[in-house]
Structures are given as C-alpha cells and as structure tokens.
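*Asks:* Return a 3D structure for these sequence lines:
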Amino acid sequence: SLLVGKNSRIFSASMRVHRAFVAVLLIAAAISTSAQDDDDEDAAAPNVDSPDYKYITCMSVVKLKHQSSGFRLHSHEIPYGGGSRQQSVTGFADGGDSNSYFVVKGAHGKPCHRGAPIKNGQAIRLEHLNTHKNLHSHDHASPISRNHEVSCFGDNGDGDAMDNWIVEVIDKAESLWARGKQIRLKHQHTNYYLHSSANHKYGQPISGQIEISAVAKATADTVWTSAEGFYFSKT
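*Replies:* Just a heads-up that it's a prediction; the model follows:
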C-alpha cells in the first residue's frame with residue numbers, strides 16, 4: 001500500500017484534482033513496484049505500520065477484499081444485460097487491477113473531510129475510481145443468485161441516497177474502521193448486506209469473475225476487509 005503523508009498540500013477540495021492525483025500515484029506505484037521487484041517487500045510501504053494510518057479515512061482510495069473468497073470488489077464499463085441495466089459490479093481475483101479501487105466518501109449530501117476517520121455505524125459512499133460511479137443497490141434481482149442487485153450508478157460521483165452504505169465493524173471493541181479489520185457494509189435503504197460467493201461465477205465475457213449482490217442476513221459471505229490502497233492519515 002502506498003500511504004500519502006498527512007502534511008501533503010497537493011490536494012484541493014476538488015474531486016477532479018483528487019482523482020487526477022491518485023491516477024498519478026497509481027502510475028508511480030506501478031513503476032516503483034516494477035523497479036523494486038528484487039528489493040525487500042517492506043521498502044514499498046515504509047509507513048504501513050504507522051499509527052497515523054491505522055484507520056480508513058475519508059477520501060482514501062481502497063480495494064475491498066471479500067473475506068471468504070479472496071476476490072476484490074470490482075467494476076468496469078459493462079452494464080448488466082437485465083435488471084437495472086446499470087454498470088455491473090463483480091468480484092475479481094487479481095489484486096493488481098485498477099478497476100477495483102474505490103474512493104471513500106461521505107453519505108449522499110453529507111460532507112466528509114479528507115482524513116476524517118470512518119466510524120462504526122457511519123453511512124458512506126464508495127465511488128469507483130475509474131468510472132466515477134457510486135456503489136449502489138436496489139430491489140432489482142441479481143443475475144445469478146436472484147438476491148438484490150448491486151451496481152455502480154451516477155455521473156461524475158453524483159448519484160442518490162441509494163448509494164449509501166453503513167459500515168458495521170465486526171470487532172465490537174473498535175469504534176472506528178481500522179485498516180485490515182473485518183467489516184460488513186449494510187445498504188442504508190434496503191438494510192441488505194454486501195455479499196459475494198465463490199459459487200456464483202460468471203461465464204463469458206467476464207469468465208472467472210463472481211457475482212456481487214446484497215442479502216438480508218449477515219453471514220460469513222458478507223464479511224469484507226480493506227486491502228491495497230492509498231490511505232490518508234487520520235486528522
């Protein structure tokens with residue numbers, strides 16, 4: 001993980017500037033990783049254990065790893081063939097794919113300042129970095145399991161209240177969402193949980209990817225952790 005220090009002044013309040021800078025960081029990280037293949041793994045993330053970066057914070061860019069399958073939450077410019085016909089969301093095995101990055105934002109209509117830690121029970125949005133659409137759900141049936149469909153929705157990061165997800169930290173001793181700790185994401189409107197299963201695999205043209213849906217009950221298949229990302233220190 002590449003961590004951005006708390007004294008950085010390069011970001012403005014503009015999401016457009018934020019996205020552009022993160023894109024530069026992605027390129028830099030790829031170059032750095034290629035150049036350091038023979039170096040110690042810890043050299044790429046010198047601050048990974050710093051307490052400044054213990055928590056998931058607003059405007060951080062993260063990948064979410066499904067605990068039971070190991071797949072990352074993922075999206076791309078491919079719409080569902082049925083249901084809402086909105087942009088599809090899948091689980092993807094390759095942890096290095098940039099289409100698995102999501103920007104952590106405040107709930108619809110609520111400000112969330114860069115570096116503010118995400119609290120247990122807080123409503124957030126997750127904006128897909130590459131397509132600028134928000135993780136979304138509704139009553140449409142998902143393609144394989146016929147659970148609730150999960151899509152990406154909106155334009156340039158603007159969607160609606162159906163983009164809101166409540167963070168439920170599984171460790172009750174934690175009041176904040178800590179990096180690498182297990183969470184569930186509950187859709188604020190439907191009260192359904194973000195879910196996946198390695199048993200629900202797609203065929204062509206996205207063979208090997210798995211379905212992402214939302215379900216009524218919290219189970220082992222509704223557990224997620226933060227993985228790779230660009231993290232802002234707690235303010």
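
*Asks:* Which secondary structure element of the chain has the lowest mean pLDDT?
*Replies:* strand 2-4 (a mean of 47; mean pLDDT, DSSP states H and E).

*Asks:* Check for me that Gly229 belongs to a strand.
*Replies:* Yes - Gly229 sits within a strand when classified using DSSP: H, G, I helix; E, B strand; the rest coil.

*Asks:* Which helix or strand contains the closest residue to it other than its chain neighbours?
*Replies:* Spatial nearest neighbour of Gly229, excluding adjacent residues (CB to CB, 6 or more residues apart in numbering): Val62 at 3.7 Å. The C-beta positions use only the backbone N, C-alpha and C, and glycine is treated the same way. Taking DSSP states H and E as the criterion, Val62 maps to strand 61-66.

*Asks:* Isn't Gly91 up against Ile210?
*Replies:* Yes - using CB atoms under 8 Å, Gly91 is in contact with Ile210, at 4.0 Å.

*Asks:* More neighbours: these two, which one.
*Replies:* Gly91 (25 against 22; other CB atoms under 10 Å).

*Asks:* any idea how far the residue most central in space within the chain is from Ser233?
*Replies:* What sits nearest the mean C-alpha location of the chain, by CA atoms, centre = their mean, is Phe102, with 4.1 Å. Distance of Phe102 to Ser233, given as CB to CB, to the nearest Å: 19 Å.

*Asks:* where in the protein is pLDDT low?
*Replies:* Residues of the chain meeting the criterion pLDDT under 70: 1-49.

*Asks:* can you tell me which residues contact His108?
*Replies:* By CB atoms under 8 Å, 6 or more residues apart in numbering, the residues touching His108 are Arg125, Gly159, Asp160, Ala161, Asp163, Asn164.

*Asks:* Make TSV from the residues you listed and add secondary structure to it.
*Replies:* Formatted as TSV, the contacts of His108 follow (three-state DSSP):
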residue	secondary structure
Arg125	strand
Gly159	coil
Asp160	coil
Ala161	helix
Asp163	helix
Asn164	coil
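
*Asks:* CSV please, covering those and showing neighbour count and distance to Gln182.
*Replies:* Output for the contacts of His108, formatted as CSV (neighbours: other CB atoms under 10 Å; distance: CB to CB, whole Å):
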residue, neighbour count, distance to Gln182
Arg125, 24, 21
Gly159, 20, 27
Asp160, 13, 28
Ala161, 12, 26
Asp163, 27, 23
Asn164, 24, 21
